[in-house]
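In: heads up, no residue letters with this:
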C-alpha cells in the first residue's frame, strides 16, 4: 500500500512539474504559438494592437498546410515580444498583399509586409524573421530621387531597381520588400509613390501601375508589365534585363523646363475644353494680323537706290 501511494505521489509531482514547465517556458519545452484564424477585419484589428504578425495564406484542401502550421507553432523571434501567428484563406486579405501562390507565409512588421520565399521549418523561419525585422526597400521622392540614385548624372551609388506605384496597386510592396531583402549588398531596391511624386511619373513616362525600372550605368530597363513575381524579378535583375531595350535616362528637368511644360499643359486643357475652337480661331486671326502688319511695315520702309551714273565736274 505504501509503495502504491509513493507511486501516486511521484506521478503527481511529475505532472505538476510538466505543467509548470509548459506555462513558465523553461528551456527544452515548447509551449507553442496560438494559431489564429484571420480574415481581413480580424487582421486589421490585430495589427492595431500588435506590430508583428506572421500569416499563413492557404486555399482549399492544403495537403502541406498542417506541416506548415506545426512549424509556425514553434517560431519565435527573440527581439519581438508581441509576435502573433495566424492563418487565413480570405482572398481579400491575401489580395491586399499581392499573394498569388498558395500556401504562402507573410510577415507583417510595423505596417510593412514581406513575403517569405524559403523552406518552412521552425528554425529556418525564425532566423529569417529575425533578419527581416528592418524594412529593406528604400523610399524615394521627387526631391531625393536624383540625389540618391544619380541615375542620369553618373550612377556612382550603384544600380537601382525602382517600383513606381499608386495606392491602387500597392499590393506589390510585399513582393518588392522580399526582392530588396534578397538583393541586400548587391543592389538598391526602392519604391516611389506616384501620388506624392507626379513629376517622376512624367519624367519616366510611367504608363502602368505598378512599373518596375532598373537604372544601371546611365541606362534604364523596364520590367515587363503584368508579370510581377519574386522569381521573375530576381531573374530580370540578374541577367534577363539584357534582353530588354535600353533607354537613356532623362536628365532631371530644370525650373525653366517645368515652366514650359506647365504652360503647354494649360494650353492643352483649354484647347480641349469648350473654348478650344474659339481659341484656335483667335490664334489663327492673331497670326494673320501679325503677318499683315509685317507686310505693311516692309512696304512703308523707303527704298534707297544706289546711282550707277558717273559723277561730272
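Out: Arrived safely. These numbers come from a predicted model, not from an experiment. Numbering: from 1, shown residues only.

In: Just the helices from the stretch 51-200 of the chain, written as ranges.
Out: Along the stretch 51-200 of the chain, counting by DSSP state H, counting those that start in this stretch, helices occupy 65-72, 91-96, 122-131, 145-149, 173-182, 198-203.

In: pLDDT weak spots in the stretch 1-150 of the chain?
Out: 1-31, 122 (pLDDT under 70).

In: try 90 this time
Out: 1-33, 49-51, 60-67, 76-82, 110, 118-123 (pLDDT under 90).

In: residue ranges of the strands in it, please?
Out: 35-37, 52-57, 84-88, 104-109, 112-116, 138-140 (DSSP state E, counting those that start in this stretch).

In: And the stretch 201-313 of the chain, by the same measure?
Out: 211-216, 219-222, 247-248.

In: want to throw these into TSV with mean pLDDT, mean neighbour count and distance to residue 82?
Out: The C-beta positions use only the backbone N, C-alpha and C, and glycine is treated the same way. Shown next, in TSV, are these (pLDDT from 0 to 100; neighbours: other C-beta atoms under 10 Å; distance: least, C-beta to C-beta, whole Å):
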stretch	mean pLDDT	mean neighbour count	distance to residue 82
strand 211-216	97	22	34
strand 219-222	97	19	41
strand 247-248	96	11	46
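
In: re the thing from before, between the helices of the stretch 51-200 of the chain, which one is closest to residue 210.
Out: helix 173-182 (8.4 Å; C-beta to C-beta).

In: picking that back up, adding distance to residue 197 and mean neighbour count, write the strands of the stretch 1-150 of the chain out as a markdown table.
Out: Shown next, in a markdown table, are the strands of the stretch 1-150 of the chain (distance: least, C-beta to C-beta, whole Å; neighbours: other C-beta atoms under 10 Å):
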| stretch | distance to residue 197 | mean neighbour count |
| --- | --- | --- |
| strand 35-37 | 37 | 14 |
| strand 52-57 | 29 | 23 |
| strand 84-88 | 33 | 21 |
| strand 104-109 | 25 | 22 |
| strand 112-116 | 19 | 21 |
| strand 138-140 | 8 | 17 |
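
In: okay if I get the ones you listed as a markdown table plus distance to residue 166?
Out: Below are the strands of the stretch 1-150 of the chain laid out as a markdown table (distance: least, C-beta to C-beta, whole Å):
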| stretch | distance to residue 166 |
| --- | --- |
| strand 35-37 | 31 |
| strand 52-57 | 24 |
| strand 84-88 | 25 |
| strand 104-109 | 21 |
| strand 112-116 | 17 |
| strand 138-140 | 14 |
